[in-house]
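1. Below: sequence and its predicted model.
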Protein chains: 2
Amino acid sequence: MQSFTEENYLKVIYHLAEKTETVQTNAIAEQIQTKPASVTDMIKKLADKGLVDYVKYQGVSLTEKGKSAAIDIVRKHRLWEVFLVDKLNFKWDEVHDVAEELEHIKSIDLIERLDEFLGFPKADPHGDPIPDKHGRFAKTQFIKLIDLKVGDSGTITGVSQHSSAFLKHLEKLGLTLGKQIHINDVTDFDGSVEILSSEKQINISREVAKHILISSNGKI
Amino acid sequence: MQSFTEENYLKVIYHLAEKTETVQTNAIAEQIQTKPASVTDMIKKLADKGLVDYVKYQGVSLTEKGKSAAIDIVRKHRLWEVFLVDKLNFKWDEVHDVAEELEHIKSIDLIERLDEFLGFPKADPHGDPIPDKHGRFAKTQFIKLIDLKVGDSGTITGVSQHSSAFLKHLEKLGLTLGKQIHINDVTDFDGSVEILSSEKQINISREVAKHILISSNGKI
DNA sequence: TAAAATTTTTAGATTTACCTAAAAAATTAA
DNA sequence: TTAATTTTTTAGGTAAATCTAAAAATTTTA
């Protein structure tokens, strides 16, 4: 069993490892909001417990054991986010901090019952996939909105940026999960995209388009 | 803002203070499962923070500030218990440990939304009253089953013993919250009580009868 | 490829919540 | 009302997770 703090390290390493194979001390420190020296200490501890592979000055990566523990925390976090949004009517940009606390509640039973209560959701309110109790992710086929061509359509099924500012912006534009969109035009000049959603013409910047994930249901 | 540990101390002191005006160091140590010396340390810290009144060798009591913090934790604990039983189908004897963790989640918003989601319940699954957001308890009129007389009837609305063994026993007897009961007979010999509930004759010991709380709806 | 810059680690402290052992105060019993 | 017992506190220490400052390794730049 891991401590609250150890769990946080595992989760952060897991997410950082999605970008780079081995994870750097400074990157972890930034995420955890702590100093690199503290990270080194904790990494040694996690290595002793067999949760990470660690070579001095070379960065860390999760072992199978560590990865499985991390996925378990991700599962809890995302299920709680679904609960907060679907049942308690939180906005999708408000749930992260509370889920950050709830993910550390220790009870095998609790999370399985919560999963059932929520109807075994496959994705959290941001479209991120929820692993099942064996740690398996459902395969999802995402395309970034920016990669669609004029005439394509699809459904918004996720975002790859979770900041409150970004989510509030999408909310204001009416671009929430499940919304149908159609690409009307792409501006050569700045790469901004003209889309049609709920009968409304919406112009979004290239930066925003990069972080909206679409599942194709039209002709692509 | 209090730490996880400080919150536990406040909660324990609050419950112990229901029996005796000032609370003893050893009593706290037993509840927290720690040593008296550790309790002394923590009490001093709580006193410095203005959460308890403390005189060496004389025991502690909560200040208004401490009491209000404690009631807040009790509120969270009981609301989570309702959630676990009503929504996640836990048994009433299974919820305590998980609620013990959930009660420390910090979010003003969360607990108000949970309260609303649950329909503003007035009591937890054991019949214990849930304070409102201002810390006010609804007045409830309880009578111990042992104090009823032959011919009286009422509704089971609470228990004053929360051990899993006791709750499982009641479950087996079919004596759960909301059940109507009628006193058929009281045995002089051992003080055991013969009651009628759901058309069944049930004999319960004096010890059990002491811990079942009844709200009177028949002639008493 | 040597110097500069960056990243990472070590060494030694600090804080929180514990602990044990022994001393002090309060309570109970003879 | 002393003596014995119990309760509580003090003193000094430990483990977890942090920190700062300085040293060591690695990477980048010139």
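-> Looks like it came in fine. All values reported here derive from a predicted model rather than from experimental measurement.
2. Give me the buried positions along the strand or helix carrying residue A:72.
-> Here residue A:72 sits within helix A:64-82, counting by DSSP states H and E. By 16 or more other Cβ atoms under 10 Å in any protein chain shown, the buried positions in helix A:64-82 come out as A:66-67, A:69-82. Where C-beta positions appear, they are placed from N, C-alpha and C, glycine not excepted.
3. is chain B contacted by stretch A:90-109?
-> Yes. Legend: contact between stretch A:90-109 and chain B by Cβ under 8 Å from any Cβ of the partner chain is shown at A:90, A:94, A:97-98, A:101-102, A:105-107, A:109.
4. restrict those residues to those near DNA strand C?
-> Among these, no residue lies close to DNA strand C (Cβ under 7 Å from any atom of the strand).
5. will you turn the residues you listed into JSON lines that also has secondary structure, neighbour count and pLDDT?
-> Listed next are those as JSON lines, based on DSSP: H, G, I helix; E, B strand; the rest coil; neighbours: other Cβ atoms under 10 Å in any protein chain shown; pLDDT from 0 to 100:
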{"residue": "A:90", "secondary structure": "coil", "neighbour count": "21", "pLDDT": "97"}
{"residue": "A:94", "secondary structure": "coil", "neighbour count": "18", "pLDDT": "95"}
{"residue": "A:97", "secondary structure": "helix", "neighbour count": "12", "pLDDT": "95"}
{"residue": "A:98", "secondary structure": "helix", "neighbour count": "20", "pLDDT": "97"}
{"residue": "A:101", "secondary structure": "helix", "neighbour count": "17", "pLDDT": "97"}
{"residue": "A:102", "secondary structure": "helix", "neighbour count": "24", "pLDDT": "98"}
{"residue": "A:105", "secondary structure": "coil", "neighbour count": "17", "pLDDT": "97"}
{"residue": "A:106", "secondary structure": "coil", "neighbour count": "14", "pLDDT": "94"}
{"residue": "A:107", "secondary structure": "coil", "neighbour count": "17", "pLDDT": "93"}
{"residue": "A:109", "secondary structure": "helix", "neighbour count": "12", "pLDDT": "95"}
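6. distance of the residue nearest the centre of chain A from DNA strand C?
-> Most central in chain A under Cα atoms, centre = their mean is residue A:128, positioned 4.8 Å from the mean C-alpha point. Distance, residue A:128 to DNA strand C, using Cβ to the nearest atom of the strand, to the nearest Å: 26 Å.
7. and that residue, what pLDDT?
-> pLDDT for residue A:128: 92.
8. Spit out the contact partners of the closest residue to it other than its chain neighbours.
-> By the measure of Cβ to Cβ, 6 or more residues apart in numbering or on different chains, the closest residue to residue A:128 outside its immediate chain neighbours is residue A:78, 6.0 Å from it. With contact taken as Cβ atoms under 8 Å, 6 or more residues apart in numbering or on different chains, residue A:78 is in contact with A:99, A:123-124, A:128-130.
9. so which pair among the residues you listed is furthest apart in space?
-> Largest separation among these by Cβ to Cβ: A:99 and A:129, giving 15.3 Å.
10. picking that back up, distance-wise, check the residue nearest to the centre of chain A relative to chain B.
-> Distance of residue A:128 to chain B, given as Cβ to the nearest Cβ, to the nearest Å: 21 Å.
11. and the gap between that residue and residue A:122?
-> From residue A:128 across to residue A:122, the span is 10 Å (Cβ to Cβ, to the nearest Å).
12. same question, residue A:202
-> Relative to residue A:122, and taking Cβ to Cβ, residue A:202 is found at 27 Å.
13. again, but for residue A:132
-> As judged by Cβ to Cβ, residue A:132 and residue A:122 stand 9 Å apart.
14. how about the helices of chain A, start to end?
-> Per DSSP state H, chain A carries helices over the ranges A:4-16, A:25-32, A:36-48, A:64-82, A:96-102, A:108-117, A:164-173, A:206-210.
15. do you know which of the ones you listed lies nearest residue B:40?
-> helix A:4-16 (26.1 Å).
16. Now do the closest one against helix A:36-48, angle only.
-> Orientation of helix A:4-16 against helix A:36-48 (axes from the mean of the first three to the mean of the last three Cα atoms, to 10 degrees) gives an angle of 90 degrees.
17. list the buried ones in helix A:4-16?
-> A:6-14, A:16.
18. Quick one: list the elements packing against it.
-> On a contact count with 3 or more Cβ pairs under 8 Å, 6 or more residues apart in numbering or on different chains; DSSP states H and E, helix A:4-16 meets helix A:25-32, helix A:36-48, strand A:60-62, helix A:64-82.
19. Run through the neighbouring helices and strands of the third one.
-> The criterion is 3+ Cβ pairs under 8 Å, 6+ apart, and the helices and strands that strand A:60-62 contacts are helix A:4-16, helix A:36-48, strand A:52-54.
20. one more time with 6 Å
-> strand A:52-54 (3 or more Cβ pairs under 6 Å, 6 or more residues apart in numbering or on different chains; DSSP states H and E).
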